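>>> Need coordinates for the following:
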Amino acid sequence: MRRKLRVAAYAVCVRDGQILLARSPGPDGTPEWVLPGGGTEHGEDPYDTVRREVAEETGYRIEVTGLLGIDSSRHVFRGGRLRRRTDHQGVRVLYEGTVTGGELRYEIGGSTDFAAWQDLDAVPGLTRIRLVDVALRLWRERPAPGHLPPGDRPLPR
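I've put the predicted structure just below:
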């Protein structure tokens, strides 16, 4: 079985009762809302990753104002006709950020196609990835260890 580790960094930017989200095509093609952010490049610090990714996906420059925590997940994906099974672990570093410049725009030719401020109260009604819920819990509760207990994390959608 193939083993894969992906380290990524994401930003929780909240202002005036809204959160900055990006839209990405889901696994089945249905658009879903995600946090701006993405995978670290080899040798890149996650702090630099989150600033780069937010700029790429939204057009904004941000100041990282805090570390909210870490989310880790592990899934085994079945192999297709020519692929081996993959044991995939994702480690996601979640930062709090404040927009300091730039203008909202959409990413062209990337992993997202739209960015927008969404009302915090509307988030439960959005088609979104689980990480949005995890990040908002970390942002609201700010647990001392920066981690939600395994049995207390939102379930995958």
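>>> what sits opposite the closest residue to Q18 other than its chain neighbours in the beta ladder?
Nearest non-adjacent residue to Q18, counting by Cβ to Cβ, 6 or more residues apart in numbering: W117, 4.1 Å away. C-beta coordinates here come from the backbone N, C-alpha and C atoms, glycine included. Per DSSP bridges, the residues bridged to W117 are L20.
>>> burial of R15, as a residue count?
Neighbour count of R15, defined by other Cβ atoms under 10 Å: 10.
>>> What ranges does this protein have for its helices?
Taking DSSP state H as the test, the helices found in the chain are 46-58, 130-141.
>>> In TSV: the ones you listed, plus mean neighbour count and mean pLDDT.
Conversion of those to TSV gives the following (neighbours: other Cβ atoms under 10 Å; pLDDT from 0 to 100):
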stretch	mean neighbour count	mean pLDDT
helix 46-58	22	97
helix 130-141	18	95
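>>> Could you find the closest non-adjacent residue to the most centrally placed residue in the chain?
Using Cα atoms, centre = their mean, the residue of the chain that lies closest to the mean C-alpha position is L35, 3.9 Å off. Residue nearest to L35 in three dimensions, not counting chain neighbours: Y10, with 4.1 Å by Cβ to Cβ, 6+ apart.
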